[in-house]
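Visitor: Sequence and predicted model, in that order:
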Amino acid sequence: MTLQLVLAALYPPKEEQLWHDNIPWQPIPYHYVPKKDDKMFLAFYFNKIAVDEYNKHRNGEWKEKLQSYHDLVDYVQKHTGKVIDSPRTMFTLACTLAAEEQLGFELPNWTKEVWPDKIEEYSMREFDITSSSKRLQSLTIGALLQKIVSESVSKVKNGSYNQLHLYSAHDFTVGMILKTLNIFDERHPDYCANVAFELHNIDGVYGFKASKVDSNDVRKLKCL
C-alpha cells in the first residue's frame, strides 16, 4: 500500500488519463513475489539457512546478554499474555504500540512503565543479533544490496534507461540496511522511512551516497 501511494504521487493522471474529477489517480503496475519465495526481503523468515544462523547466534553468544532484560520480558508477558521469546517478538509488539500511538489511540496503563524506552531498547537488540556475523548479514540483507549494486553497474556499463528503482519493504529492512552499513542510529525506523542510494560519478569514480529519510529529518549518512 505504501508503494502504491508513492506511485500515485509520482504518476498522477493528466488530461485524457483523468477518469474522475475528484480522484487524481491511475493504476500503476508493480511486481511482487509470494512471501515464501521472497529471498530478498523475507530471507530472515523464510530462508532456513538464515533462520538457522540467526538461532545459532541468538541461542549462543546472545543468550547470556539478553538475560539482563529478564524482568522486562516477564512484565510484558504478564500484561500481554504473549510469549516474548526473543527481541524479534518484542519488535512486533513495539510496531503495534507505535502504530496505535501515532494513530491517536490511548495505550494501556501498563505500557507507561516500559514504553517506549525499555521496550524499544530490547527491540533494537534484534538488529544486533541479526547482524552478529557477516554471514548472517549476507543471508538477511545481502540479496537486496547485491541487487542495488548490480542495477547500478548495469547503468554504468550498459547505459540502462532506468532512472530510478523503487523497492518497497518494512522498517526491519530499513534498519538492517543501516546496521549492515554501520550507519544505524539505534532508533526504530519511522513509518515511511526509507534509504536512498544515489549513484554518483565523482572525478571518474562511481560511488553511492546513502541518505536516510524519515518523518522528522533528512540526513546524508555516508559516501560508499
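Guide: That came in fine, so what should we check first?

Visitor: Distance of E64 relative to E53?
Guide: 19 Å (CB to CB, to the nearest Å). C-beta coordinates here come from the backbone N, C-alpha and C atoms, glycine included.

Visitor: before we move on, what about T96?
Guide: In terms of CB to CB, T96 sits 27 Å off from E53.

Visitor: Kindly report the same for Y45.
Guide: For Y45 relative to E53 (CB to CB), the value is 13 Å.

Visitor: So which of the two has more stuff around it?
Guide: More crowded of Y45 and E53, by other CB atoms under 10 Å: E53, with 21 against 15.

Visitor: The more buried one touches S133, doesn't it?
Guide: Yes - applying CB atoms under 8 Å as the test, E53 and S133 come out as touching, 7.4 Å apart.

Visitor: Give me the neighbour count for S133.
Guide: 12.

Visitor: How is the residue nearest to it when sequence neighbours are not counted assigned, secondary-structure-wise?
Guide: The shortest distance from S133 to any non-neighbouring residue, by CB to CB, 6 or more residues apart in numbering, is to H57 (6.8 Å). State at H57, reduced to three classes by DSSP: H, G, I helix; E, B strand; the rest coil: helix.

Visitor: so where does K212 fall, helix or strand?
Guide: strand 205-213 (DSSP states H and E).

Visitor: packing partners for that strand?
Guide: Applying 3 or more CB pairs under 8 Å, 6 or more residues apart in numbering; DSSP states H and E, we find strand 205-213 packed against helix 134-158, strand 194-202, strand 218-223.

Visitor: And that strand, what's buried?
Guide: 208, 210, 212 (16 or more other CB atoms under 10 Å).

Visitor: I'd guessed the second one sits against F197; true?
Guide: So that's A210. Yes - with contact defined as CB under 8 Å, A210 reaches F197; the gap is 5.6 Å.

Visitor: Against K56, how distant is the residue nearest to A43 when sequence neighbours are not counted?
Guide: Nearest residue to A43, sequence neighbours excluded (CB to CB, 6+ apart): A50, at 4.8 Å. Going from A50 to K56 by CB to CB gives 11 Å.

Visitor: Can you show me the helices along this structure?
Guide: 2-10, 43-46, 48-58, 61-65, 70-80, 87-102, 117-130, 134-158, 171-180 (DSSP state H).

Visitor: Could you give the average pLDDT over the longest one?
Guide: On average, the pLDDT along helix 134-158 is 93.

Visitor: so how far is that helix off the chain centroid?
Guide: Helix 134-158 has its C-alpha centroid displaced from the chain centroid by 16 Å (CA atoms, centre = their mean, to the nearest Å).

Visitor: angle of that helix against helix 48-58?
Guide: Helix 134-158 runs at 130 degrees relative to helix 48-58, counting by axes from the mean of the first three to the mean of the last three CA atoms, to 10 degrees.

Visitor: P12 reaches I28, doesn't it?
Guide: No - using CB under 8 Å, P12 is not in contact with I28; the gap is 10.2 Å.

Visitor: what sits against the nearest residue to F91 once chain neighbours are set aside?
Guide: In space, F91 comes closest to S123 once its chain neighbours are excluded; the distance is 4.3 Å by CB to CB, 6+ apart. By CB atoms under 8 Å, 6 or more residues apart in numbering, the contact list for S123 reads 87, 90-91, 93-94, 188.

Visitor: Against A169, how distant is S123?
Guide: Note on S123: its distance to A169, by CB to CB, is 18 Å.

Visitor: So V156 is in contact with G207, correct?
Guide: No - V156 is beyond contact range of G207, at 10.9 Å (criterion: CB under 8 Å).
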